[in-house]
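Enquirer: this one's sequence-less:
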């Protein structure tokens with residue numbers, strides 16, 4: 001007679017609230033956010049200036065041009081991807097984020113300030129099993145030269161991210177890793193957003209990058225990195241693309257069990273792969289529970305751009 005032991009993972013939340021403030025990289029507007037603990041199965045949600053909370057789910061994404069936006073009208077919140085990456089990277093399942101402005105602060109352009117704030121608040125287990133979305137079939141999405149693919153994997157979540165810019169300051173870079181809190185902290189969290197100086201005036205006319213600066217963005221001028229102090233790592237660009245992918249794919253609503261491969265990707269492609277995953281219930285199941293995540297088409301779809309991330 002044999003006995004099978006099953007390891008149960010428990011859901012998590014914060015031990016105490018965490019507070020941050022700063023300027024939005026696109027809006028240029030100062031805002032303050034408060035991250036509160038939440039109960040089991042609450043998930044991650046954002047509430048702006050007293051409006052009803054919006055779940056951080058793919059069905060609620062309304063724009064993916066240069067950043068990820070959820071919600072509609074006065075209750076929408078933009079540039080959530082770095083904070084979402086910090087939640088997913090550290091394994092935090094449940095939290096309520098209240099914010100008094102339209103955009104999550106960019107801070108230093110990476111997820112590191114969010115990680116530090118969440119660490120200071122502490123992470124607590126909840127007496128409820130953690131559920132995961134298991135990818136059952138290969139899903140592929142192409143947008144011109146951009147390509148993304150989700151494959152089944154026996155356990156965990158794996159990233160294989162590649163970028164290829166004509167500008168030699170960036171060039172071709174690749175990064176592969178299995179996502180854990182340790183690898184997220186070491187390989188991804190510190191990587192900053194980046195953009196090209198030549199595109200700034202055009203972005204301003206479009207209403208973007210109004211809060212961008214040398215302090216929160218790796219700036220490429222011509223064929224050189226113009227930011228004081230240079231890069232934090234020779235592959236900081238692809239590491240930041242991985243950070244964005246972690247944050248955007250966290251909008252699945254539950255941790256993914258699978259392998260994600262992306263080439264020349266961005267927010268729009270990351271959103272498209274989740275749309276494709278949830279479009280057919282045969283593509284996935286939820287480990288430990290029979291129900292499936294409801295899916296509705298997105299009302300507005302953004303346009304990918306290489307000008308900034």
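Expert: Right, received. Where do you want to start? The shown structure was predicted, so the numbers you read here are calculated from the model rather than taken from an experiment. Numbering: from 1, shown residues only.
Enquirer: pLDDT weak spots in this structure?
Expert: 1-8, 288-309 (pLDDT under 70).
Enquirer: what residues are up against residue 270?
Expert: The contact partners of residue 270, by C-beta atoms under 8 Å, 6 or more residues apart in numbering, come to 64, 148, 244, 245, 248, 249, 262. Heads up, the C-betas are built off the backbone N, CA and C, glycines and all.
Enquirer: show me where this protein has helices.
Expert: Counting by DSSP state H, one finds helices in the chain at the ranges 81-90, 112-121, 181-183, 200-206, 236-249, 267-278.
Enquirer: bridging residues for the residue nearest to residue 77 when sequence neighbours are not counted?
Expert: Using C-beta to C-beta, 6 or more residues apart in numbering and skipping the chain neighbours, the partner closest in space to residue 77 is residue 46 (4.5 Å). When assigned by DSSP bridges, residue 46 has beta-bridge partners residue 54, residue 97.
Enquirer: measure residue 46 to residue 158 for me?
Expert: Computed as C-beta to C-beta, to the nearest Å, the residue 46 to residue 158 distance reads 28 Å.
Enquirer: hang on, the earlier thing: as JSON lines, the helices of the chain with distance to residue 230 would be great.
Expert: Putting these into JSON lines (distance: least, C-beta to C-beta, whole Å) gives the following:
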{"stretch": "helix 81-90", "distance to residue 230": "21"}
{"stretch": "helix 112-121", "distance to residue 230": "17"}
{"stretch": "helix 181-183", "distance to residue 230": "24"}
{"stretch": "helix 200-206", "distance to residue 230": "19"}
{"stretch": "helix 236-249", "distance to residue 230": "9"}
{"stretch": "helix 267-278", "distance to residue 230": "26"}
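Enquirer: nearest to residue 137 among those helices would be which one?
Expert: Of all the helices of the chain, helix 267-278 sits nearest to residue 137, with 9.0 Å by C-beta to C-beta.
Enquirer: and the angle for the closest one with helix 81-90?
Expert: Interaxial angle, helix 267-278 versus helix 81-90 (axes from the mean of the first three to the mean of the last three C-alpha atoms, to 10 degrees): 50 degrees.
Enquirer: now helix 267-278 against helix 236-249, angle please.
Expert: Counting by the same axes, to 10 degrees, helix 267-278 lies at 40 degrees to helix 236-249.
Enquirer: follow-up on the earlier one: contact partners for the residue nearest to residue 77?
Expert: Contacts of residue 46 by C-beta under 8 Å, 6+ apart are 53, 54, 56, 70, 71, 77, 80, 96, 97, 98, 99.
Enquirer: and the residues you listed as TSV, adding distance to residue 168?
Expert: Compiled in TSV, those are given as follows (distance: C-beta to C-beta, whole Å):
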residue	distance to residue 168
53	45
54	41
56	37
70	36
71	39
77	36
80	32
96	44
97	39
98	43
99	39
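Enquirer: quick one: which of the residues you listed is nearest residue 12?
Expert: Using C-beta to C-beta, the contacts of residue 46 come closest to residue 12 at residue 96, 14.1 Å.
Enquirer: please name the residues that touch the closest one.
Expert: Counting by C-beta under 8 Å, 6+ apart, residue 96 touches 35, 36, 37, 38, 42, 45, 46, 47, 53.
Enquirer: from those residues, which two are the most distant?
Expert: Pairwise over the contacts of residue 96, using C-beta to C-beta, the maximum falls at 37 and 46, 15.0 Å.
Enquirer: any idea how far the residue most central in space within the chain is from residue 204?
Expert: Nearest to the geometric centre of the chain sits residue 247, at 1.2 Å (C-alpha atoms, centre = their mean). Look at residue 247 and residue 204: by C-beta to C-beta, they are 25 Å apart.
Enquirer: how about the strands in the stretch 101-250 of the chain?
Expert: 123-129, 132-135, 139-143, 146-151, 157-164, 172-178, 194-196, 218-221, 224-225 (DSSP state E, counting those that start in this stretch).
Enquirer: would you turn those strands into a markdown table with distance to residue 275 and mean neighbour count?
Expert: Shown next, in a markdown table, are these (distance: least, C-beta to C-beta, whole Å; neighbours: other C-beta atoms under 10 Å):
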| stretch | distance to residue 275 | mean neighbour count |
| --- | --- | --- |
| strand 123-129 | 27 | 14 |
| strand 132-135 | 14 | 21 |
| strand 139-143 | 8 | 17 |
| strand 146-151 | 11 | 20 |
| strand 157-164 | 18 | 19 |
| strand 172-178 | 24 | 15 |
| strand 194-196 | 26 | 22 |
| strand 218-221 | 30 | 20 |
| strand 224-225 | 34 | 16 |
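Enquirer: for those, which one sits closest to residue 187?
Expert: Minimum separation from residue 187 across the strands of the stretch 101-250 of the chain (C-beta to C-beta) falls at strand 172-178, 5.5 Å.
Enquirer: show me what that closest one is packed against.
Expert: Applying 3 or more C-beta pairs under 8 Å, 6 or more residues apart in numbering; DSSP states H and E, we find strand 172-178 packed against strand 157-164, helix 236-249.
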